[in-house]
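Engineer: Quick one, what's the 3D model for this:
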Amino acid sequence: MRPAVKSVFSTMSMLGFAAVIGVTGATSVTCAVGLFHGTGTWCGLPLAWLIGFPIAIIAALVLGLPLAFVFWKLGLRRWWQFGMTGFICAIPAWFELAQPFESVRWMQSGLYDSLNYLGSGLAGGLAYWWIREKVAVRDGGDETVQESIDSSR
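Structural biologist: As a prediction, this is how the structure comes out:
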């Protein structure tokens, strides 16, 4: 397999894993906040994960893959840049899934929806940063990355 293709598959798998971590973290926090407020309604984690994992993985690949290469090209490496980008990328899903904002449902569960959707993006962005920094190949420091850079010229 060519180094550039290997790098893309590596990035895709890191994004998918980070998306799963993000959904797991956000739904767990939402459950804890719900329990603190006296309701266990938001603790149906297996069902939330059954729906949330595929949506998050698809969103991470569609939005995150191009952004990962933009970040690499611009040299963006700070944790807060990844976290804020994940948060911003989650806004369209939050806006679409949490509507209508004037409804009784929003008044009762707007906080929980926001924690789930926006928290998944934030936690997923931070998880991707951590995986990229701690586990993955560093920019220019590995032969595979250097070969893919040289072959693209």
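
Engineer: Okay, helices next: where are they in this protein?
Structural biologist: For the chain, applying DSSP state H gives helices covering 3-36, 45-59, 65-74, 79-97, 104-134, 143-151.

Engineer: which stretches of this protein have low pLDDT?
Structural biologist: For the chain, residues meeting the criterion pLDDT under 70 lie at 1-3, 42, 136-153.

Engineer: Repeat the analysis, applying 50 as the threshold.
Structural biologist: 139-150, 152 (pLDDT under 50).

Engineer: So which residue is smack in the middle of it?
Structural biologist: Nearest residue to the geometric centre of the chain (Cα atoms, centre = their mean): Gly124, 2.8 Å.

Engineer: Tell me which residues touch that residue, please.
Structural biologist: Counting by Cβ atoms under 8 Å, 6 or more residues apart in numbering, Gly124 makes contact with 18-19, 21-23, 56, 60, 86, 90. In short, each C-beta sits where N, CA and C put it, glycine included.

Engineer: redo that, cut-off 10 Å
Structural biologist: Contacts for Gly124 (Cβ atoms under 10 Å, 6 or more residues apart in numbering) come out as 15-26, 56-57, 59-60, 64, 82-83, 85-87, 89-90.

Engineer: out of the residues you listed, which are buried?
Structural biologist: Taking 16 or more other Cβ atoms under 10 Å as the criterion, what is buried in the contacts of Gly124 is 15-26, 56-57, 59-60, 64, 82-83, 85-87, 89-90.

Engineer: okay, now Thr39: neighbour count?
Structural biologist: Applying other Cβ atoms under 10 Å, we find 14 residues neighbouring Thr39.

Engineer: do the same with the one 10 residues further on
Structural biologist: Burial of Trp49, expressed as a neighbour count using other Cβ under 10 Å, amounts to 16.

Engineer: Just to check, it is in contact with Ala19?
Structural biologist: No: judged on Cβ atoms under 10 Å, Trp49 makes no contact with Ala19 at a distance of 11.5 Å.

Engineer: Need the overlap of contacts for those two.
Structural biologist: What both Trp49 and Ala19 touch, as defined by Cβ under 10 Å, 6+ apart, is the set Ala56.

Engineer: So the residue nearest to the residue nearest to the centre of the chain when sequence neighbours are not counted versus Ile57, what's the distance?
Structural biologist: Among residues not flanking Gly124 along the chain, Gly22 sits closest, at 2.7 Å (Cβ to Cβ, 6 or more residues apart in numbering). Gly22 sits 10 Å away from Ile57, going by Cβ to Cβ, to the nearest Å.
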